[in-house]
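1. Below is the sequence, then the predicted model.
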Amino acid sequence: MNQNNAIELYDTTLRDGTQGEKINLSVQDKLLIAEKLDEFGVDYIEGGWPSSNPKDEEFFRKALDLKLKNARVSAFGSTARKPGSIADDPNLTGLLRSQTPAITIFGKTWKAHSAVGLGLTDEENAELIFESVRHLKEEGREVLFDAEHFFDGYKDNPAFALKMLQAAEEAGAERLVLCDTNGGTLPHEIYDIITQISSSTSVPLGIHTHNDGDLAVANALSALRAGATHVQGTINGIGERCGNANLISIIPNVVLKMNGRFRHKLQLNQLTALSKFVYEILNLPPDNRAPFVGRSAFAHKGGIHVSAVLKESSLYEHIDPKSVGNRQRVLVSELSGQSNIRYKARELGIALPEDNAALFRTMVQRIKKLEHEGYQFDVAEASFELLLRHEMGEFQPFFEVLESKVHIESGKNREAVDQAVMKVEVNDEIELTAADGDGPVNALDKALRKALRRFYPEIRNMSLVDYKVRVLEEKKGTSAKVRVLIESSDKENTWSTVGVSTNIIDASLQALSDSINYHLFNCRTKPLETLREATPC
Ligand SMILES: CC(=O)SCCNC(=O)CCNC(=O)[C@H](O)C(C)(C)COP(=O)(O)OP(=O)(O)OC[C@H]1O[C@@H](n2cnc3c(N)ncnc32)[C@H](O)[C@@H]1OP(=O)(O)O
Ligand SMILES: CC(=O)C(=O)O
């Protein structure tokens, strides 16, 4: 990669991204993402294919009112369908109607696609590309040419592939974007082919890769190394089939590893926020294991790793998580050593006694034993926190469930009944309550809340948002142990708790009790100032 050349960042989340399965964006969603991409510093935003559907047409109409600081909006489409009818071609007309400063058109550079798909001779295909690009240029637009299937086409028939690039160049295309449309090319092939062809054109080369071989990011980086100066991709790698090259991974690799520079100064420390923003708009759960930005990207679980990270983060981290807006985390599990517990204690601000080694040893043994019984603390951090604070003498449960009974009735011709009765001790007082629910766990939750609300009115602000059950010893069938994981929320925070038992009601009650205790502990130990600021407590 030539460090003197700034790299252009071309985002196609709104076009190729939406070709991915289960991906759908409204016009408003597209506008919001476009503004965010511009703020982040991308150079081009490919908004869609205007003549393909009314939504994309509307997007381009509304995009005219966007006040973009960095990015140019580009409309995407194919070359004209037939040589000789360029000026009336509905696709080119639609592209021009979108009034974008840039237009990206794709043309065939693999002979089979031109001959079989479009039924054209080599000359006709070259003419189609030439005439389409020239027409758009004559209308005063910046034209980027996407050489569809370039790498497969070049491997099959280099002369044909180069002839089509030349047609686009001669017509005035400002960028020749080499596409690995089927996503099956390898990084060294990308590097070799770009190195071979780069002297045959004076137009800046771009790269557009797909992830079918799980190599889209590697292929894009290889292309940049070989001299491409324009890179296309999508946020979070969404896109047709296995997706497009993930800009969220390309960007930090270029900046932090390859000493490269983009045309606009990017807000690299907003990378994690950008990735989350797009997942949020797509209504998809974020990928925890995503490199750089995932919740687990800097989460250390093995004791050996944590011990080293406590001394020097870079011993087990390839970059500083803060540089991309992420953070280091430490998980507690059966693979922990004392270092994991020590880290969590510090993170939680727990005051440690001078001589704490024995305490930590006991805690490690306790966690390993509980995990062996079926508990899982890396996904139930609130339960772990209560355990740790209890061990350190900072926490005592706010209540004790003395008895609980659940009554279930069901039958073919009658309505199901789920009732729970609960005897709970709080501050030496006993409360006896009953409640109906939608299912036994809901009945239990309601009865417990009913018993506690006189003492702890703040529990009305929390709710159960997720409930998962996992059978732990499948071979034992219905007598197997189960692990219940509960996620709760007070609108500002979410926390997870765990319970394990052969009895699903008992496991649920453990997780539920931990959840309420965790909420009460947080509410009751917050300084008065914080409570006055209308926090959920
Ligand atoms: C590699 C890529 O990602 S390219 C982008 C792919 N994205 C999309 O296809 C999404 C948007 N597409 C659409 O909305 C529709 O497919 C439309 C509106 C473009 C076309 O719809 P239709 O006219 O009904 O055609 P249909 O989708 O069945 O087939 C595509 C047509 O485009 C033609 N075509 C394909 N590539 C090109 C090209 N580079 N230049 C000109 N025509 C092309 C095909 O030959 C086919 O025409 P034919 O049926 O006459 O052979
Ligand atoms: C143009 C395009 O999206 C591709 O070739 O993959």
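-> Looks like it came in fine. Ligands and ions are numbered 1, 2, ... in the order given.
2. interface residues of the stretch 101-250 of the chain facing ligand 2?
-> Residues of the stretch 101-250 of the chain found near ligand 2 (Cβ under 6 Å from any ligand atom) are 106, 146, 148, 179, 181, 208, 210. Backbone N, C-alpha and C define where each C-beta goes, glycine included.
3. Which two among those are spaced furthest apart?
-> Among those, the pair separated by the greatest distance (Cβ to Cβ) is 106 and 210, at 13.2 Å.
4. Which one of these two is surrounded by more residues?
-> Counted by other Cβ atoms under 10 Å, residue 106 and residue 210 do not tie: residue 210 has more neighbours, with 25 against 20.
5. for the more buried one, what are its contacts?
-> 180, 181, 182, 183, 216, 239, 240, 241, 242, 243, 244, 245 (Cβ atoms under 8 Å, 6 or more residues apart in numbering).
6. Pull out whichever of the residues you listed are also neighbours of ligand 1.
-> Within the contacts of residue 210, those near ligand 1 by Cβ under 6 Å from any ligand atom are 181, 240.
7. which one among the contacts of residue 210 gets closest to ligand 2?
-> Ligand 2 lies nearest to residue 181 out of the contacts of residue 210, by Cβ to the nearest ligand atom, at 3.5 Å.
8. Let me know the distance separating the closest residue to the closest one other than its chain neighbours from residue 517.
-> Spatial nearest neighbour of residue 181, chain neighbours left out: residue 149 (4.5 Å); criterion: Cβ to Cβ, 6 or more residues apart in numbering. Remark: distance between residue 149 and residue 517 (Cβ to Cβ, to the nearest Å) = 60 Å.
9. if we can go back for a sec, take the contacts of residue 210 and keep only those in helices.
-> residue 216 (DSSP state H).
10. any chance of the contacts of residue 210 in JSON lines, with neighbour count and pLDDT too?
-> Putting the contacts of residue 210 into JSON lines (neighbours: other Cβ atoms under 10 Å; pLDDT from 0 to 100) gives the following:
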{"residue": "180", "neighbour count": "29", "pLDDT": "98"}
{"residue": "181", "neighbour count": "23", "pLDDT": "98"}
{"residue": "182", "neighbour count": "15", "pLDDT": "98"}
{"residue": "183", "neighbour count": "23", "pLDDT": "98"}
{"residue": "216", "neighbour count": "28", "pLDDT": "98"}
{"residue": "239", "neighbour count": "26", "pLDDT": "98"}
{"residue": "240", "neighbour count": "19", "pLDDT": "98"}
{"residue": "241", "neighbour count": "13", "pLDDT": "98"}
{"residue": "242", "neighbour count": "15", "pLDDT": "98"}
{"residue": "243", "neighbour count": "24", "pLDDT": "98"}
{"residue": "244", "neighbour count": "31", "pLDDT": "98"}
{"residue": "245", "neighbour count": "30", "pLDDT": "98"}
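11. Could you export the contacts of residue 210 to TSV, including columns for distance to residue 451?
-> Listed next are the contacts of residue 210 as TSV, based on distance: Cβ to Cβ, whole Å:
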residue	distance to residue 451
180	62
181	63
182	62
183	58
216	55
239	52
240	55
241	54
242	52
243	50
244	54
245	55
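12. Mind picking the one among the contacts of residue 210 that's closest to residue 423?
-> residue 243 (54.3 Å).
13. Backbone dihedrals for that closest one, both of them.
-> phi 100, psi 180 (degrees, to the nearest 10).
14. Would you mark the buried spots in the longest helix seen in the chain?
-> Criterion DSSP H: the longest helix present in the chain is helix 504-525. Neighbour counts over helix 504-525 (16 or more other Cβ atoms under 10 Å) mark 504-523 as buried.
15. beta partners for residue 209?
-> Note on residue 209: beta-bridge partners residue 180, judged by DSSP bridges.
16. is it true that it touches residue 245?
-> Yes: applying Cβ atoms under 8 Å, one finds residue 209 in contact with residue 245, separated by 4.5 Å.
17. May I have the longest helix of the chain as CSV, with CA atoms only?
-> Output in CSV follows, covering the C-alpha atoms of helix 504-525 (Å, rounded to 0.1, in the frame of the first residue of the first chain):
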residue,chain,number,x,y,z
ILE,A,504,-37.5,-25.6,37.0
ILE,A,505,-39.6,-23.6,39.4
ASP,A,506,-36.9,-23.7,42.0
ALA,A,507,-34.2,-22.7,39.4
SER,A,508,-36.5,-19.8,38.3
LEU,A,509,-37.0,-18.6,41.8
GLN,A,510,-33.2,-18.5,42.5
ALA,A,511,-32.7,-16.5,39.3
LEU,A,512,-35.6,-14.2,40.1
SER,A,513,-34.5,-13.7,43.7
ASP,A,514,-31.0,-12.8,42.5
SER,A,515,-32.4,-10.4,40.0
ILE,A,516,-34.5,-8.5,42.6
ASN,A,517,-31.7,-8.5,45.2
TYR,A,518,-29.3,-7.1,42.5
HIS,A,519,-31.8,-4.3,41.7
LEU,A,520,-32.4,-3.4,45.4
PHE,A,521,-28.7,-3.5,46.2
ASN,A,522,-28.0,-1.0,43.4
CYS,A,523,-30.8,1.3,44.3
ARG,A,524,-30.1,1.2,48.0
THR,A,525,-26.3,1.7,47.8
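18. elements contacting it?
-> helix 381-391, strand 400-411, helix 440-452, strand 463-471, strand 482-489, strand 494-501 (3 or more Cβ pairs under 8 Å, 6 or more residues apart in numbering; DSSP states H and E).
19. what sits against residue 246?
-> Counted by Cβ under 8 Å, 6+ apart, residue 246 has contacts 211, 216, 217, 233, 234, 235, 236, 237.
20. From residue 168, how far out is the residue of the stretch 301-450 of the chain at minimum distance from ligand 2?
-> Going by Cβ to the nearest ligand atom, ligand 2 is nearest to residue 324 of the stretch 301-450 of the chain, at 26.7 Å. Using Cβ to Cβ, one gets 36 Å for the distance from residue 324 to residue 168.
21. These two: which has the busier surroundings?
-> Neighbour count, other Cβ under 10 Å: between residue 324 and residue 168, residue 168 has more, with 30 against 26.
22. thought the more buried one was touching residue 136?
-> No: in this structure, residue 168 is not within contact of residue 136 by Cβ under 8 Å, at 10.9 Å.
23. wait, what's in contact with the nearest residue to residue 90 once chain neighbours are set aside?
-> Counting by Cβ to Cβ, 6+ apart, the nearest residue to residue 90 once its immediate chain neighbours are dropped is residue 51, at 5.8 Å. By Cβ under 8 Å, 6+ apart, residue 51 lies in contact with 57, 77, 90, 91, 93, 94, 95.
24. now do residue 102
-> Here residue 102 is in contact with 44, 72, 73, 74, 75, 141, 142, 143, 144 (Cβ under 8 Å, 6+ apart).
25. Could you pick out the buried ones from the residues you listed?
-> Here, 16+ other Cβ under 10 Å leaves 44, 73, 74, 75, 141, 142, 143, 144 buried among those.
26. Next up, identify which helix or strand the second one is on.
-> The one in question is residue 73. In this assignment (DSSP states H and E), residue 73 forms part of strand 72-78.
27. Quickly check: that strand near ligand 1 or not.
-> Yes: looking at strand 72-78 against ligand 1 by Cβ under 6 Å from any ligand atom, the contacts come from residue 78.
28. wait, the residue of the stretch 301-450 of the chain closest to ligand 2 sits on residue 272?
-> Yes: using Cβ under 8 Å, residue 324 makes contact with residue 272 at a distance of 5.8 Å.
29. what do these two both touch?
-> Joint contacts of residue 324 and residue 272 (Cβ under 8 Å, 6+ apart) are 292, 293.
30. measure the closest residue to residue 157 other than its chain neighbours to ligand 1 for me?
-> Among residues not flanking residue 157 along the chain, residue 111 sits closest, at 4.9 Å (Cβ to Cβ, 6+ apart). Noted for residue 111: a distance of 13 Å to ligand 1, by Cβ to the nearest ligand atom, to the nearest Å.
31. what's the answer for residue 442, then?
-> 45 Å.
32. what sits against that residue?
-> residue 418.
33. again, only this time at 10 Å
-> By Cβ atoms under 10 Å, 6 or more residues apart in numbering, the residues touching residue 442 are 418, 420, 435, 436, 464, 467, 508.
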